[in-house]
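Peer 1: here you go, sequence then predicted model.
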Amino acid sequence: MLFRSEGLHLFSTDIRLDDTTGEARVCLSDPQLGPIMANVGGNQLRMTRKEYLKQQYGLVPRDLLHPRSSQFLGWKGMLIHDRDTRSSEITWLTNDYGQLMWLASRAYWRLILRAFPKLRHPWFFVNLKRNPGEVLTEENVEQIFKNACKKHGFRPPHNPHSLRHMYIDILVNVFHIPLHIAQILARHRSPEST
């Protein structure tokens, strides 16, 4: 279960289809120290995301921006699977969900590249209405969420983070998942948070 800021740190290259298994892969990486393979002068080089952003775009990771900047994104130091790469992959309940996500992300990215053929950043989620072509902000996500709830006749919870609470509630109270397992699935450091 993602925190919304983690998803907004995704680069377009973080979503791919595994050639050997056919499974959709989404890699979440530390916005500063997570690795990326970059084409520099015709050579594939491994570098940190911070180095990549500076060298390729003249940018800094969004968690290093001033907290009052609309493009600032927090990073809670999520629990990651691979300490060496400072990254983790999303796993799906079934491969069908991963395939559906892969098809949706491909269609979305084709739309983005048609609308903005020369993006000035590598982030996956792009603003289509307010500041078109710029990165999506947490404020944008909240507005999209509220509009979607309104459109479908749902009274929105306080904000999209409330979906995390609903997810844990369903795990524990509907599926009777033990609290310590729900803690792992929610990626909370302590059972008190869960």
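Peer 2: Arrived safely. Source: prediction; values computed, not measured.
Peer 1: and the helix or strand containing Leu100, which residues are buried?
Peer 2: Counting by DSSP states H and E, the element that carries Leu100 is helix 95-115. By neighbour count on 16 or more other CB atoms under 10 Å, the buried set for helix 95-115 is 98, 102, 105, 112. All C-beta atoms are positioned from the backbone trio N, CA, C, and that covers glycine.
Peer 1: packing partners of it?
Peer 2: strand 15-17, strand 24-29 (3 or more CB pairs under 8 Å, 6 or more residues apart in numbering; DSSP states H and E).
Peer 1: give me the residues contacting the first one.
Peer 2: Contacting residues not belonging to strand 15-17 are listed as 23-27, 101-102, 105, 109, 124 [CB atoms under 8 Å, 6 or more residues apart in numbering].
Peer 1: which ones are touching the nearest residue to Arg120 once chain neighbours are set aside?
Peer 2: Computed as CB to CB, 6 or more residues apart in numbering, the closest residue to Arg120 that is not its neighbour in sequence is Tyr57, at 6.4 Å. Contact analysis of Tyr57 by CB under 8 Å, 6+ apart lists 120-122.
Peer 1: can you say which of these are buried?
Peer 2: Neighbour counting by 16+ other CB under 10 Å classes 121-122 among the contacts of Tyr57 as buried.
Peer 1: just send the contacts of Tyr57 back as JSON lines, with distance to Ala38, pLDDT and secondary structure too.
Peer 2: Output for these, formatted as JSON lines (distance: CB to CB, whole Å; pLDDT from 0 to 100; DSSP: H, G, I helix; E, B strand; the rest coil):
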{"residue": "Arg120", "distance to Ala38": "16", "pLDDT": "90", "secondary structure": "coil"}
{"residue": "His121", "distance to Ala38": "14", "pLDDT": "94", "secondary structure": "coil"}
{"residue": "Pro122", "distance to Ala38": "9", "pLDDT": "94", "secondary structure": "coil"}
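Peer 1: include distance to Phe154 when you put the contacts of Tyr57 into TSV, please.
Peer 2: Formatted as TSV, the contacts of Tyr57 follow (distance: CB to CB, whole Å):
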residue	distance to Phe154
Arg120	35
His121	32
Pro122	33
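Peer 1: which of the contacts of Tyr57 sits closest to Asp14?
Peer 2: Pro122 (9.2 Å; CB to CB).
Peer 1: list the contacts for Trp123?
Peer 2: 8-12, 62, 135-136.
Peer 1: so which of these sit within helices?
Peer 2: Cross-referencing those against helices under DSSP state H gives Leu8.
Peer 1: now the two most distant members of the contacts of Trp123.
Peer 2: Ser12 and Arg62 (14.8 Å).
Peer 1: neighbour count winner among those two?
Peer 2: Arg62 (22 against 18; other CB atoms under 10 Å).
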